[in-house]
Every structure is written in C-alpha cells, then in structure tokens.
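> okay, sequence plus prediction incoming.
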Amino acid sequence: MTHTMNQTDFGQTATDQLRNRLAAAGQEHTLQFWDQLEPGERAQLTAQLESIDVNRLNCQDEGSELDLDEATLTAPDQIKWSADSSEDESLVKLGEQMMSRGELGVLIAAGGQGTRLGLSQPKGCLPIGPVTGASLFQILIEKVVAASREFDCEIPVVMLCSPATHRETIEYLDAENWFGLPESCRHTLCQKTLPAVDRKTGRLLMESPSSLCLSPNGHGGHLSELVDCGLLEKLTDAGVTTLFYCQVDNPMAPLCEPGVIGEHLRNEAELTVLVTPRTSPEEKVGTVICVDGVPQVIEYTIIPEELAARRDAEGRLEFRAANTGIHLFDTAFLQREADHFSSLPLHQANKKVPHIDEQGATVIPDEPNAIKFERFIFDVFPRSRKTLVLEIDPLTGFAPVKNADGANSPSEVQGQILQANRAWLASRGLRVDEGVPVETVPMLTSFTDPEIRLGRRVA
Ligand code: UTP
C-alpha cells in the first residue's frame with residue numbers, strides 16, 4: 001500500500017516538475033490533453049518532452065551566427081580527380097591496398113524525409129537506373145559489393161536511417177538480400193529526432209494529443225548516433241581507418257573508387273571533401289571556403305551576393321568549390337571529436353508541418369508554418385586538422401535526386417547517367433547510336449582493369 005502511495009506521489013511530482021519546466025519555457029500547452037491520455041501515451045509524451053532542451057529551440061538560428069569577415073575568407077587549395085586520370089598507378093594502388101587490408105567502411109546517409117520528391121517509401125528505394133531500373137540503394141550498395149569482390153575484402157556499410165525511414169529501409173534491403181552484401185557487413189542505425197515549433201510563436205507543434213511533431217535531426221545527427229550506439233568503436237576495433245560517406249540520393253557518388261581513397265591517404269588528410277565547380281553565383285549549394293585558413297562549408301543563404309559572384313583573374317568564380325555531400329573521414333578524427341557532436345549548431349528551416357490545434361483538430365498548412373531544426377554533418381569540418389578538397393567532374397560524380405520535376409529530378413538524373421555512360425564509352429572509341437540508352441553496372445565492372453571495364457560494363 002505504502003509502495004503504491006509512493007509511486008503515485010512520485011508520478012505526480014514528476015509531472016508537476018515537467019509542467020513547471022514547460023510553463024517556464026512557454027510550452028505548457030503540450031500537456032493540454034494530459035488528462036485524456038492513457039498511461040502508455042503519457043509515458044511517450046513525457047519521454048519526448050524530457051529528451052529535448054526546450055530552451056535551445058528559441059528561434060535563433062545557430063547555423064547563421066557565423067561572422068563572415070571577408071578579410072578572413074579565401075578559396076581552398078584543391079586537387080582535381082577524375083576516373084579517367086586514375087592512370088596514376090601509385091595512387092590507385094594506395095586505395096586498392098587499404099581496401100584489401102579491410103580498412104575501409106562506408107556510410108550512406110538515408111534518413112531524410114524526401115519531402116520535395118514526395119515518395120511514399122524511403123528515397124533510396126527510388127528506381128533510377130535508366131536501363132536496369134536499379135534503385136538508389138542498389139546502385140550504391142553494388143558499388144561496395146563490387147569493390148569488396150575485386151579487392152577480396154569485407155567493406156562494412158552503415159545505412160544511416162531515421163525513424164522516418166528505418167523500418168522500411170530494413171524491410172526493403174532484407175527483401176533484396178542487401179544486393180549481395182555479406183551479412184557481416186550490414187549495419188543500420190537510426191538517428192534521433194527534433195521537434196518542430198510554430199514559426200510565429202515558437203510553441204512546440206503537436207502531431208497528436210500524445211506526440212510532438214518530430215522530424216529527423218539532420219545528417220549531422222548521425223554522428224552522435226554512430227558513437228552512442230557503439231558502431232564507430234566496433235568498426236575501429238575491426239580495423240576500419242577511413243569511412244567513405246555519401247548521401248543516398250546521389251547514384252553517381254564515386255563510392256570505393258581507389259583513386260579517391262588514394263588521394264585521401266597520400267595527402268594524409270583526416271577529412272576529404274569532394275567538390276564540383278559552382279556553375280553560377282545563384283546556384284543553391286553550400287560552398288567550401290577557408291575561414292582563417294580552415295576549410296568549411298558555408299551555405300548559399302549566408303554568403304553575401306557580391307562574394308558569391310566575385311571572379312578571379314581567369315574569370316572563374318573565386319569561391320567555386322560546391323559541396324557534393326561526399327566525404328572521407330578518418331575514424332580517428334571522428335573518435336577524437338566525438339564529444340562535440342551533440343553540440344553541433346541547430347540550423348533552422350521553414351517548412352509546412354501538419355499538426356493539431358488547441359481543440360485537437362488537424363491543421364494542414366498551405367504555407368510554411370513551422371521551423372524544423374537540423375544538425376549538418378559539415379559543421380564538424382572546421383575541427384579537422386588536415387582537410388583535402390578534391391574536385392570531381394560533376395558529370396561523373398554528382399547527380400543528386402531532390403525534386404519531383406525540373407532540376408535534380410529523377411528524369412534529369414537518368415539523363416545524366418545516360419550521358420556520362422555514353423561519354424565514357426566514346427572516350428574508349430565505342431560509338432553508341434543516338435537514342436540507344438546505355439547504363440554501366442557496378443557488378444560487372446572493375447575499378448582498376450580497363451579491359452574489364454570496357455568489355456563487361458555495359459547493360
Ligand atoms: P536533403 O535534406 O537534401 O534531402 O538531405 P531529404 O531530406 O532526403 O529531402 P527533403 O529535403 O525532405 O526534400 C541530403 C541527404 O541527407 C540525408 C538524406 O537522406 C539525403 O541523403 N539526411 C537528411 C539524413 O540522413 N538525415 C536527415 O535528418 C536529413
């Protein structure tokens with residue numbers, strides 16, 4: 001009896017404490033349906049509310065606090081890399097040998113909600129191969145499987161998911177047997193979420209009486225999870241020294257390319273950032289710029305127009321290193337910086353977020369009504385002691401699927417895949433008749449043997 005009393009008292013006290021904290025932060029409305037909730041629903045809402053730092057969601061974009069003093073900004077030194085220039089045998093050998101030693105791991109960011117594309121499944125399930133219909137997941141994973149077969153090694157893949165994609169991604173990949181990736185190499189993790197707040201009032205939005213509106217905490221959120229779930233340590237213990245990171249929406253990512261890995265190793269970089277040349281000052285893409293000599297990614301929304309448009313003596317944009325979201329991280333670098341991951345800045349984005357109102361009725365907004373918060377992976381870049389900026393050809397390395405139509409749409413990306421494959425064949429003296437679609441297939445290719453590339457790669 002006494003025991004029950006204590007439990008009840010404690011429960012009441014804990015709720016009061018939570019209510020007081022929320023009231024102090026102007027967020028008490030999140031408990032307005034409390035009396036109607038079942039115990040399980042109360043526990044869920046309490047867990048959500050206790051996991052967030054309400055005072056940090058104060059409508060101040062921590063990502064835009066960067067003080068851009070022009071005098072401190074310079075364009076980074078960069079090295080050019082292309083698949084065809086990999087005749088530098090020693091470079092390719094370096095990459096090949098490290099893979100053979102089992103020192104490479106792969107991270108694929110696949111936790112985004114793909115709202116612009118508007119699919120009902122995770123974006124990685126999108127069929128994108130113009131001839132084969134292979135999905136984004138398939139193309140990327142097969143590049144890894146092909147490399148592990150060619151270099152006779154295991155290459156662990158960590159699929160970086162979120163609550164929005166985790167279950168469906170696992171179901172999809174299991175049904176496809178992970179496209180031949182050995183079971184010992186299959187890993188997934190699920191990043192955490194952050195709540196959305198009303199744009200005007202800063203109040204937390206409710207998805208239902210027992211749940212906040214939550215969304216994945218940005219690709220930077222994977223870093224904390226990689227440490228917290230023990231995977232970073234597990235990979236390091238297994239001998240992995242470098243993680244090749246790419247985003248699931250870019251089927252052209254040169255995943256496991258020995259030449260790219262070779263450049264990272266030869267330059268003794270802790271971090272390699274792959275960039276493409278910006279085509280215009282208006283291009284909506286983050287740019288790698290050195291601040292006080294340290295390379296970091298600066299978002300297009302922050303760079304002053306004059307700076308974005310500035311040209312060098314040769315007429316090229318001065319700040320032209322566009323971030324592709326493809327990076328190589330040394331595991332030692334990530335381990336050293338692990339304590340900082342949970343304090344990466346919270347960036348803000350204005351989004352349309354359906355929610356319930358004070359009467360519990362659903363509201364579907366026509367205009368952006370909410371602020372979502374995200375951490376960005378590139379906010380760790382300034383902590384690297386040695387960063388290599390590696391320029392790749394956008395035609396062969398960068399084709400992200402973002403929108404349902406127009407720029408960066410599936411049809412544009414398919415067109416780019418066809419064009420890149422056609423150009424590649426033409427460079428080897430093979431003419432493909434106009435209008436005949438060609439697609440190269442990772443499983444039938446070789447990373448290093450040009451004859452195999454030529455003879456077996458075409459689908
Ligand atoms: P984007 O923000 O460009 O695309 O993420 P998205 O989230 O998939 O789509 P929208 O913005 O809702 O239309 C770039 C990459 O980062 C991953 C995405 O899966 C994509 O590969 N990402 C993004 C995460 O893994 N987690 C996140 O929280 C956000």
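Looks like it arrived, so ask away. Numbering: from 1, shown residues only.
> what does the protein have sitting close to the ligand?
For the chain, the contact set with the ligand under C-beta under 6 Å from any ligand atom comprises 109-116, 123, 160, 162, 191, 216-219, 221, 247-249, 374, 402. For glycine as for every other residue, the C-beta is placed from the backbone atoms N, C-alpha and C.
> show the buried residues in the residues you listed.
For the residues of the chain next to the ligand, a burial check counting by 16 or more other C-beta atoms under 10 Å picks out 109-114, 123, 160, 162, 191, 216-219, 221, 247-249, 374, 402.
> quick one: which of these sit in helices?
residue 221 (DSSP state H).
> sitting in strands, which of the buried ones among the residues of the chain next to the ligand do you find?
109, 160, 216, 247, 374 (DSSP state E).
> could you dump those to CSV with pLDDT?
Rendered in CSV, the data for these read as follows (pLDDT from 0 to 100):
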residue, pLDDT
109, 98
160, 98
216, 95
247, 98
374, 95
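> just these now: which is nearest residue 240?
Proximity of those to residue 240, judged by C-beta to C-beta, is greatest for residue 160, which lies at 15.4 Å.
> surely that closest one meets residue 107?
Yes: using C-beta atoms under 8 Å, residue 160 is in contact with residue 107, at 5.9 Å.
> give the intersection of the neighbour lists for those two.
Both residue 160 and residue 107 are in contact with 222, 226, where contact means C-beta atoms under 8 Å, 6 or more residues apart in numbering.
> closest point of the stretch 101-250 of the chain to the ligand, which residue?
residue 112 (2.3 Å; C-beta to the nearest ligand atom).
> helices or strands next to the helix or strand hosting residue 416 in the packing?
According to DSSP states H and E, residue 416 maps onto helix 410-427. In terms of contacts (3 or more C-beta pairs under 8 Å, 6 or more residues apart in numbering; DSSP states H and E), helix 410-427 is packed against helix 394-397.
> what distance separates the helix it packs on from the centre of its chain?
Mean C-alpha position of helix 394-397 versus that of the full chain (C-alpha atoms, centre = their mean, to the nearest Å) differs by 18 Å.
> what lies in contact with it?
82-83, 252-254, 274, 276-277, 324, 326, 416, 419-420, 423-424.
> repeat that for stretch 300-311.
64, 66, 68, 70, 73, 281-287, 289, 317-319.
> show me what the strand ranked longest in the chain packs onto, helices and strands only.
Assignment by DSSP E gives strand 321-330 as the longest strand of the chain. If you count contacts as 3+ C-beta pairs under 8 Å, 6+ apart, strand 321-330 packs onto strand 242-247, helix 258-266, strand 271-277, strand 287-291, strand 387-392.
> and after it, which helix or strand comes next?
helix 331-337.
> check contacts around residue 245.
Taking C-beta under 8 Å, 6+ apart as the definition, contacts of residue 245 comprise 106-109, 326-329, 377.
> closest one to residue 14 out of those, please.
The closest of the contacts of residue 245, once distances to residue 14 are taken by C-beta to C-beta, is residue 377, at 35.7 Å.
> pretty sure that closest one sits against residue 217.
No: contact between residue 377 and residue 217 fails when scored by C-beta under 8 Å: they sit 11.4 Å apart.
> so which of the helices and strands packed on strand 321-330 is nearest residue 361?
strand 242-247 (37.0 Å).
> partners of that closest one, with directions?
strand 104-109 (parallel), strand 321-330 (antiparallel) (DSSP bridges).
> out of those, which is the most enclosed?
Mean neighbour count (mean count of other C-beta atoms under 10 Å) peaks for strand 104-109 among those, with a mean of 27.
> tell me the helix or strand right after it.
helix 136-150.
> just how off-centre is that following helix within its chain?
Using C-alpha atoms, centre = their mean, the offset of helix 136-150 from its chain centre is 18 Å.
> what's the first-to-last distance across stretch 277-294?
19 Å (C-alpha to C-alpha, to the nearest Å).
> oh, I was asking about stretch 182-202
47 Å.
> just the buried residues of that stretch, please?
185-199, 202.
> so which of the residues you listed are in strands?
186-190, 193-195, 197-198.
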